[in-house]
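> Okay, predicted coordinates and the sequence, questions at the end:
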Amino acid sequence: MTGPLDTAQAITKLPAQDLERARAFYRDRLGLEPVEERDGGLRYVCGTTEFHLFSSSGAASGASTQIGFEVDDLDRVVADLRARGVRFEPFDMAGFDVKDDIVTVPNNYPSKGTGERGAFFRDSEGNLLAVGQAIR
């Protein structure tokens with residue numbers, strides 16, 4: 001069955017109470033620069049996907065992952081992000097193997113692999129972000 005959105009491009013939108021502080025975090029900690037900007041908004045492109053940061057008086061709940069970056073070498077990316085000053089969130093949920101802030105999750109979408117490894121951190125605005133790598 002097809003629907004009106006099955007060919008749409010999905011774009012993540014993240015709130016920022018201080019857009020300049022957020023810009024500095026994404027530049028200095030993640031090595032990302034906006035490819036375009038407008039009043040109250042920054043547009044970033046990663047591979048074939050994109051996300052936007054927008055000025056907001058509201059705060060992100062940070063209670064669940066708001067954006068995830070899929071990478072090919074999680075250990076290298078985590079080490080690089082740590083060197084840039086990113087602090088990873090402790091992961092404390094029963095039933096999961098956690099080592100050095102990296103959680104191993106069994107099972108995955110079959111087309112992506114048999115499981116996934118991931119790590120979580122917050123941006124300057126409290127948005128919960130993740131980096132993950134499929135286990136093949």
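Looks like it came in fine.
> Count the neighbours of residue 35 for me.
Counted with other CB atoms under 10 Å, the neighbours of residue 35 add up to 10. From N, CA and C alone the C-beta is placed, and that goes for glycine too.
> ok, now residue 125?
Residue 125 has 19 neighbours, counted by other CB under 10 Å.
> repeat for residue 19
For residue 19, using other CB under 10 Å, the count is 19.
> And for it, nearest residue in space, chain neighbours not counted?
Leaving out its chain neighbours, the residue that sits closest to residue 19 by CB to CB, 6 or more residues apart in numbering is residue 55, at 4.9 Å.
> If I follow the layout properly, that neighbour ends up in contact with residue 37?
No: if you go by CB atoms under 8 Å, residue 55 and residue 37 don't touch, sitting 11.2 Å apart.
> Quick one: the strands in the chain, in order.
12-16, 36-38, 41-46, 49-55, 67-70, 97-99, 102-106, 115-122, 128-135 (DSSP state E).
> quick one: which of the ones you listed is nearest residue 27?
Comparing those by their distance to residue 27 (CB to CB), the top pick is strand 41-46, with 10.1 Å.
> what's the average pLDDT for that closest one?
Averaged over strand 41-46, pLDDT sits at 98.
> Stretch 124-132 now?
Across stretch 124-132, pLDDT averages out at 97.
> Could you pull out the buried residues of that stretch?
For stretch 124-132, the neighbour count (16 or more other CB atoms under 10 Å) marks 124-125, 127-132 as buried.
> Span of that stretch from start to end?
Using CA to CA, to the nearest Å, one end of stretch 124-132 lies 20 Å from the other.
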